[in-house]
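Undergrad: Below are the sequence and a predicted model for it; my questions follow.
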There are 2 protein chains.
Amino acid sequence: MKKISDEFMRGALEEARAGLKEHGIPIGSVLVHDGTIIGRGHNRRVQKKSAILHAEMDALENAGRLPASVYKKCALYTTLSPCPMCAGAILLYGIPRVIVGENKTFMGEEELLKSRGITVEVLQDEDCIALMSGFIRNNPTLWNEDIGK
Amino acid sequence: MKKISDEFMRGALEEARAGLKEHGIPIGSVLVHDGTIIGRGHNRRVQKKSAILHAEMDALENAGRLPASVYKKCALYTTLSPCPMCAGAILLYGIPRVIVGENKTFMGEEELLKSRGITVEVLQDEDCIALMSGFIRNNPTLWNEDIGK
């Protein structure tokens, strides 16, 4: 299997795949501070019957309580374009940089983030696209629940 | 003590006061579907060392996994104007109506919500204002942490 070059996006993709193994929605995220992962997470809708534990939220929660000064030096890596809730969390904490695995299967609030001064980089990684497009094809009802559709 | 007239905002205020008794941040929320409270919550930053359990998020989480059709008939009552994360969750799930206890001590993303077609009603309730202004005065560092400042 092709390895994506960015080690942090690889970490996010590992999280997404861990979620799939748990029969969950395969989206993963890592929070990086000064070159070190300080929080990892994946979508837990199925596993924890959670309405709020999207991958980005799970990574933020697992990073724990932090002062604003830490978030301001963070980057958030996520395999999929962030939904309004996760984009809002990025805005709340002022995380200045978001790296997105892909936005082909779902376009999140990238424009809102950019309009507030957040740097958004989209890799369009083929592994991220393949993982998510396969999942959506096989689980349309669950996927729609996750995005409020 | 003066009782606020709206029974659902009273429920949200009870949640906020329960949070204060737990030495937490006194913000409360209830999710109402077709005239019935289906989720209650309060800020759990202190209690659960949580970065994501704002009152609105806690209420959504406690309501459990729900299809979009339920959220579309919901109203969210919250003692304080919703921050970007909580506003994003409202947008994600398409909750059409948000009733805000007050926005004097903190102005959240009301304009964003309204720009996306959400109805936002602000009560400027004096009990909500007194509770929050007293808390912020006595706990400025904790409050700043909660809003990423």
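TA: Looks like it came in fine.
Undergrad: which bits of chain A sit near chain B?
TA: With CB under 8 Å from any CB of the partner chain as the criterion, chain A meets chain B at residues A:45, A:49-52, A:57, A:60-61, A:63-68, A:71, A:83-89, A:91-94, A:109, A:112, A:144-145, A:147-149. For glycine as for every other residue, the C-beta is placed from the backbone atoms N, C-alpha and C.
Undergrad: Please pick the buried ones from those residues.
TA: A:45, A:50-52, A:57, A:60-61, A:63, A:66, A:71, A:83-89, A:91-94, A:109, A:112, A:145, A:147-148 (16 or more other CB atoms under 10 Å in any protein chain shown).
Undergrad: Now the residue in chain A that chain B sits nearest to: which helix or strand?
TA: Among the residues of chain A, A:Gly88 lies closest to chain B, at 2.5 Å counting by CB to the nearest CB. Counting by DSSP states H and E, the element that carries A:Gly88 is helix A:84-93.
Undergrad: next one: A:Thr79
TA: According to DSSP H and E, A:Thr79 maps onto strand A:74-80.
Undergrad: and the gap between A:Gly94 and A:Asn103?
TA: Look at A:Gly94 and A:Asn103: by CB to CB, to the nearest Å, they are 22 Å apart.
Undergrad: Check A:Leu53 too.
TA: Applying CB to CB to A:Leu53 and A:Asn103 gives a distance of 21 Å.
Undergrad: A:Pro67 now?
TA: With CB to CB as the criterion, A:Pro67 and A:Asn103 are 31 Å apart.
Undergrad: how about the helices in chain A?
TA: A:7-21, A:55-63, A:68-71, A:84-93, A:110-115, A:126-138, A:140-146 (DSSP state H).
Undergrad: For the third one, the averaged confidence score.
TA: The average pLDDT for helix A:68-71 rounds to 97.
Undergrad: And for the last one?
TA: Confidence over helix A:140-146 (mean pLDDT, whole number) is 97.
Undergrad: distance between it and the chain's centre?
TA: Relative to the centre of its chain, helix A:140-146 is centred 17 Å away, using CA atoms, centre = their mean, to the nearest Å.
Undergrad: can you check the fifth one too?
TA: Distance of helix A:110-115 from its chain centroid, counting by CA atoms, centre = their mean, is 16 Å.
Undergrad: The fourth one too?
TA: Using CA atoms, centre = their mean, the mean C-alpha position of helix A:84-93 is found 11 Å from that of the whole chain.
Undergrad: same thing with the second one?
TA: Counting by CA atoms, centre = their mean, helix A:55-63 is centred 9 Å from the centre of its parent chain.
Undergrad: picking that back up, pretty sure the residue of chain A closest to chain B contacts B:Glu56?
TA: No - A:Gly88 is beyond contact range of B:Glu56, at 10.6 Å (criterion: CB atoms under 8 Å).
Undergrad: Now for these two: what residues contact both?
TA: B:86, B:89 (CB atoms under 8 Å, 6 or more residues apart in numbering or on different chains).
Undergrad: give the contact list for A:Thr119.
TA: By CB under 8 Å, 6+ apart, A:Thr119 lies in contact with A:96-98.
Undergrad: could you point out where chain A is predicted with low confidence?
TA: Applying pLDDT under 70 to chain A picks out residues A:1-5.
Undergrad: Was I right to think A:Thr105 contacts A:Pro140?
TA: No - when contacts are counted by CB under 8 Å, A:Thr105 is not listed as touching A:Pro140 (11.9 Å).
Undergrad: quick revisit: more crowded one of A:Leu53 and A:Asn103?
TA: A:Leu53 (22 against 18; other CB atoms under 10 Å in any protein chain shown).
Undergrad: surely the more buried one meets A:Arg44?
TA: Yes - using CB under 8 Å, A:Leu53 is in contact with A:Arg44, at 3.9 Å.
Undergrad: Just give me the neighbour total for the closest residue to A:Ser50 other than its chain neighbours.
TA: Of all residues not flanking A:Ser50 in the chain, A:Arg44 sits nearest, at 4.9 Å (CB to CB, 6 or more residues apart in numbering or on different chains). For A:Arg44, the neighbour count with other CB under 10 Å is 20.
Undergrad: now do the one 4 residues further on
TA: Close neighbours of A:Lys48, defined as other CB under 10 Å, add up to 14.
Undergrad: Next, it: phi, psi?
TA: Torsion angles at A:Lys48 (phi, psi; degrees, to the nearest 10) stand at phi -110, psi 10.
Undergrad: any idea how far A:Glu110 lies from B:Phe106?
TA: To B:Phe106, A:Glu110 is 26 Å away according to CB to CB.
Undergrad: And A:Cys74, by the same measure?
TA: For A:Cys74, the distance to B:Phe106 (CB to CB) stands at 23 Å.
Undergrad: Please say which of the two ends up with more neighbours.
TA: Neighbour count, other CB under 10 Å: between A:Cys74 and B:Phe106, A:Cys74 has more, with 22 against 17.
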